[in-house]
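Visitor: build me a model from this:
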Amino acid sequence: MSKVLILGNSDLVVYNFRLELVEKLLSDGHQVVVCSPYGERIDDLIALGCEFINIQISRHGTNPIKELKLLKEYKKIIKSVKPDMVFTYTIKPNIYGALACKKFNIPCVANITGLGTAVENGGLVQKITVLLYKIAFTKIKKVFFQNSENMQFFIDKKIALSKHDLLPGSGVNLERFSPLKYPSNETVEFAFISRIMKEKGIDQYLDSAKAIKQKYPNTVFHVCGFFEQEYKQIIDDLVSQGIIVYHGMVRDVRTVLKDIHCTIHPTYYPEGIANVLLESSACARPIITTDRSGCREVLEDGKNGFVVKMKDSGDLIEKIEKFIALPYEEKVQMGLAGRKKVESEFDRQIVVEKYMAELNSL
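Guide: Modelled structure (predicted):
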């Protein structure tokens with residue numbers, strides 16, 4: 001049996017989106033070591049049978065001294081753990097984890113969960129990151145991508161050519177996220193379920209909530225997720241005015257999805273495949289989202305939801321009104337169409353099987 005080391009930048013990256021892979025590894029008798037900053041889900045992973053190594057990662061920092069320290073830490077961990085294979089997720093674990101694996105000749109499988117804003121926007125940070133990827137991935141075993149646009153970026157930059165493979169995002173657990181009974185039409189309820197930051201389209205969602213609530217008093221706008229500090233006062237004010245309902249960080253999104261009619265994800269953040277869209281669709285909820293990589297893969301405009309222009313509050317308001325005007329049964333059918341789509345294209349077991357194939361090829 002093999003020893004697998006998983007490197008991520010948070011406990012949620014592993015527990016929320018790789019749990020089925022971890023369970024499969026453990027049930028097949030493999031040893032699993034998770035290395036990430038400590039978070040509440042780490043105790044759940046330990047209870048399953050994982051070992052845990054705590055590490056500090058500055059998710060957005062670019063301090064070269066801290067970056068070198070992270071690389072040094074990964075080298076120390078890999079030398080101590082002696083894994084047979086390493087799975088890495090998110091930019092810093094991908095780059096510095098792969099560099100550490102290269103030093104000790106350990107097979108490494110990286111997952112590009114999105115390019116990140118700085119890389120997508122070009123400039124010096126993109127050049128540095130591309131150079132680091134090129135150096136780190138010279139001996140990589142496999143690079144998994146969550147959408148074809150990200151994969152094309154790596155092809156154009158000539159990074160790890162012939163080592164690429166495409167996944168259906170992180171996939172979705174179709175049993176855990178099963179169709180939920182559609183709520184009654186006494187109200188029409190929407191939810192924003194994401195990190196509350198500008199690039200996720202929170203401004204457009206809040207603009208829409210203000211405009212729609214005034215015109216349609218029977219609408220309810222939910223907001224779920226932790227916020228960047230700049231949004232604290234804005235959120236507090238809108239809650240006090242009764243424009244939004246704020247839930248904070250939600251441990252199980254199904255508790256919110258059961259009461260809502262549509263999930264709105266007006267993002268322009270460069271992600272792999274938006275998990276909130278997969279989970280909402282799996283629960284038979286229509287979606288309204290932007291026409292960009294990471295979102296368009298899940299949406300069929302007019303069939304399981306509506307597409308909106310990025311950074312365009314007016315267009316979002318228009319699409320919300322369009323959704324409100326739909327007959328109740330059409331809303332139900334939209335949700336079921338979304339469920340059908342994720343069943344055929346985004347089953348998480350596809351992801352698990354691809355990872356197990358890499359491990360079994362050792």
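
Visitor: which pLDDT does the model give Lys66?
Guide: If you check Lys66, the pLDDT there is 84.

Visitor: how close does it get to Ile57?
Guide: 9 Å (Cβ to Cβ, to the nearest Å). Where C-beta positions appear, they are placed from N, C-alpha and C, glycine not excepted.

Visitor: comparing those two, which residue is more hemmed in?
Guide: When Lys66 and Ile57 are compared for neighbours, Ile57 comes out ahead with 19 against 14, by other Cβ atoms under 10 Å.

Visitor: surely the more buried one meets Leu70?
Guide: Yes: at 6.4 Å, Ile57 and Leu70 qualify as touching, with contact defined as Cβ atoms under 8 Å.

Visitor: shared neighbours, these two?
Guide: Lys92 (Cβ atoms under 8 Å, 6 or more residues apart in numbering).

Visitor: as a check, name the ranges of all helices in the stretch 51-200 of the chain.
Guide: 64-81, 91-104, 117-120, 123-136, 148-156 (DSSP state H, counting those that start in this stretch).

Visitor: rank those by pLDDT, which is bottom?
Guide: Taking the mean pLDDT of the helices of the stretch 51-200 of the chain, helix 117-120 comes last: a mean of 81.

Visitor: mind listing what's buried along that helix?
Guide: For helix 117-120, the buried set under the neighbour-count rule, 16 or more other Cβ atoms under 10 Å, comprises 118-120.

Visitor: only alpha carbons, please: show that helix as CSV.
Guide: Output in CSV follows, covering the C-alpha atoms of helix 117-120 (Å, rounded to 0.1, in the frame of the first residue of the first chain):
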residue,chain,number,x,y,z
THR,A,117,-6.6,37.1,-10.4
ALA,A,118,-3.0,38.2,-10.5
VAL,A,119,-2.1,35.5,-13.1
GLU,A,120,-5.1,36.1,-15.3
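
Visitor: same for it, what does it pack against?
Guide: Helix 117-120 sits against helix 123-136, with contacts defined as 3 or more Cβ pairs under 8 Å, 6 or more residues apart in numbering; DSSP states H and E.

Visitor: what comes into contact with the helix it packs on?
Guide: In contact with helix 123-136 (Cβ under 8 Å, 6+ apart) are residues 62, 91, 94-96, 98-99, 102, 116, 118-120, 154, 157-160.

Visitor: now do stretch 166-174
Guide: Residues outside stretch 166-174 that contact it (Cβ under 8 Å, 6+ apart) are 17-20, 111, 113, 144-148, 151, 272-275, 278-279, 281-282, 294, 297, 342-343, 345-352, 354.

Visitor: filter these to the buried ones?
Guide: 17-20, 111, 113, 144-147, 151, 272-275, 278-279, 281-282, 294, 297, 342, 346-348, 351-352, 354.

Visitor: among those residues, which lie within helices?
Guide: Those of those mapping onto helices are 17-20, 151, 275, 278-279, 281-282, 342, 348, 351-352, 354, per DSSP state H.

Visitor: related to what we said a few turns ago, packed most tightly, which of the helices of the stretch 51-200 of the chain would that be?
Guide: Counting by mean count of other Cβ atoms under 10 Å, helix 91-104 has the highest mean neighbour count of the helices of the stretch 51-200 of the chain, with a mean of 22.

Visitor: quick one: it to helix 123-136, angle?
Guide: 30 degrees (axes from the mean of the first three to the mean of the last three Cα atoms, to 10 degrees).

Visitor: strands of the protein, residue ranges please.
Guide: Listed in chain order, the strands of the chain (DSSP state E) span 3-7, 31-36, 51-54, 85-89, 108-112, 142-145, 164-166, 188-193, 219-224, 245-248, 262-265, 287-290, 305-308.

Visitor: can I get the ones you listed in TSV including mean pLDDT?
Guide: Output for the strands of the chain, formatted as TSV (pLDDT from 0 to 100):
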stretch	mean pLDDT
strand 3-7	98
strand 31-36	98
strand 51-54	98
strand 85-89	98
strand 108-112	98
strand 142-145	98
strand 164-166	98
strand 188-193	98
strand 219-224	98
strand 245-248	97
strand 262-265	98
strand 287-290	98
strand 305-308	98
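
Visitor: any chance of the ones you listed in JSON lines, plus distance to Ala136?
Guide: Converted to JSON lines, the strands of the chain look like this (distance: least, Cβ to Cβ, whole Å):
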{"stretch": "strand 3-7", "distance to Ala136": "12"}
{"stretch": "strand 31-36", "distance to Ala136": "17"}
{"stretch": "strand 51-54", "distance to Ala136": "20"}
{"stretch": "strand 85-89", "distance to Ala136": "10"}
{"stretch": "strand 108-112", "distance to Ala136": "8"}
{"stretch": "strand 142-145", "distance to Ala136": "10"}
{"stretch": "strand 164-166", "distance to Ala136": "15"}
{"stretch": "strand 188-193", "distance to Ala136": "33"}
{"stretch": "strand 219-224", "distance to Ala136": "35"}
{"stretch": "strand 245-248", "distance to Ala136": "36"}
{"stretch": "strand 262-265", "distance to Ala136": "31"}
{"stretch": "strand 287-290", "distance to Ala136": "31"}
{"stretch": "strand 305-308", "distance to Ala136": "36"}
